[in-house]
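In: Give me a 3D structure for the following:
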Amino acid sequence: MPKSSNQKNSFRFRTGIDLGSGVAELDNVQDECFLFTDAYQAISDHENHLCVIVGKAGSGKSAIIRQLLLEKSNNIIRIHPQQLAFHFLRGSELLASLRQTGINMSLFYKLLWRHVFIIEILKHMFPEEVQLPGPFSGILTKLHIKRRNKKRDLAFEYIEKWGHDFFQDTEHRIQEITNTLETDIRAEIKVSGTWPGLFGLSGAADGNRFSGQKIREHREVAQKVVEQIQITHLYELFAWLKEDVLTDDQNPCYIVIDDLDKPWVGAEVEHDLIAALLEEAMEFHQLANVKIVVALRDNILHR
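Out: I've put the predicted structure just below:
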């Protein structure tokens, strides 16, 4: 007797069948089942400026990242925020005082991300140099650069100054940039005192030392220094990457950052660092053959 049109076909899965995991990182069948959506095509195209994946938990962000890692495995730099040294920012009395004062720190945070990205690109492009005990000095020869100029000289001064530590100690570099900011502000303010005291913050041991006018002047000076901060060598390194390193459009480089919902920095600076990350990712569009891809939960983006 034939089935009526209202009857539904039933299907029973055998015991133990693997239908994949709800967690993309643990899904061992994604390679066979991944759906190549327009979103993935945009992210995987290094010439497409779309670079941020936003969605709720389980919306497919990690699946896109995983597929990109599989498809572009030789061209991927993956950055785990937990392994960076941004926790140092929590212990800086200067940075805490600047935040409490309401000074805009976005340029400073962008500078930190730029440092991280440049280091990781160089490590990816010249992996053999990372293993050398001496300075990063063989690149000029390898790139066949015959004409020296100020821009290249500044770039290589920075690399050669730090030698092997250039690759190994991100915390040292972050601390160095912070110390440069501190030195510049001290030089402009021209008086001693604790940072909370200089900015008139409550609870400072020397909080009554400065008049309201002086405190306003100190704050204005600090904001000006932060807005004008320039680590010249890092800017020249960026220009050097653009002109001499990332020149092969058949071999683009992808920098992938996710896990930003996991503990990686203090809550007091997390939002500002993520905002700076997104801005710097857009800045890196100036480099034709590098793309920064950031995955974010929507609740983090809208905090």
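
In: For the strand ranked longest in the chain, which helices and strands make contact with it?
Out: Counting by DSSP state E, the longest strand found in the chain is strand 290-297. With contacts taken as 3 or more CB pairs under 8 Å, 6 or more residues apart in numbering; DSSP states H and E, strand 290-297 sits against strand 52-55, helix 61-71, strand 253-257, helix 267-283. Just so you know, the C-beta spots here come from the backbone N, C-alpha and C atoms, and that holds for glycine as well.

In: And residue 186, which helix or strand is it part of?
Out: Secondary structure from DSSP states H and E places residue 186 in helix 170-189.

In: Contacts for that helix, please.
Out: 84-86, 88-89, 92, 94-95, 108, 111-112, 115-116, 119, 162, 165-166, 198, 218, 221-222, 224-226, 229, 231 (CB atoms under 8 Å, 6 or more residues apart in numbering).

In: Run through who's touching the longest strand of the chain.
Out: By CB under 8 Å, 6+ apart, the list of residues contacting strand 290-297 reads 43, 46, 51-57, 61-62, 64-65, 68, 117, 121, 241, 246, 252-258, 260-261, 274, 277-278, 280-281, 284-285.

In: Please, a PyMOL command that selects the buried ones among these?
Out: Filtering those down to the buried ones (16 or more other CB atoms under 10 Å) takes a single PyMOL command:
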select buried, resi 43+46+51+52+53+55+61+62+64+65+68+117+121+241+246+252+253+254+255+256+257+258+260+274+277+278+280+281+284
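
In: quick revisit: so which of the helices and strands packed on strand 290-297 is nearest residue 298?
Out: Proximity to residue 298 (CB to CB) singles out strand 52-55 among the helices and strands packed on strand 290-297, at 5.4 Å.

In: Partner strands of the closest one, with direction?
Out: As defined by DSSP bridges, the strand partners of strand 52-55 come to strand 290-297 (parallel).

In: pLDDT averaged over the helix holding residue 186, what's the number?
Out: Averaged over helix 170-189, pLDDT sits at 86.

In: Please spell out which residues along it are buried.
Out: Buried residues in helix 170-189, counted by 16+ other CB under 10 Å: 170, 173-175, 177-178, 181-182, 184-186, 189.

In: Rebuild the residues you listed as TSV, extending it with distance to residue 293.
Out: Shown next, in TSV, are the buried residues of helix 170-189 (distance: CB to CB, whole Å):
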residue	distance to residue 293
170	20
173	23
174	23
175	28
177	25
178	28
181	29
182	33
184	34
185	35
186	39
189	41
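
In: nearest to residue 158, of the residues you listed?
Out: Closest to residue 158, out of all of the buried residues of helix 170-189 and judged by CB to CB, is residue 173, at 10.0 Å.

In: Nice, that's everything, thank you.
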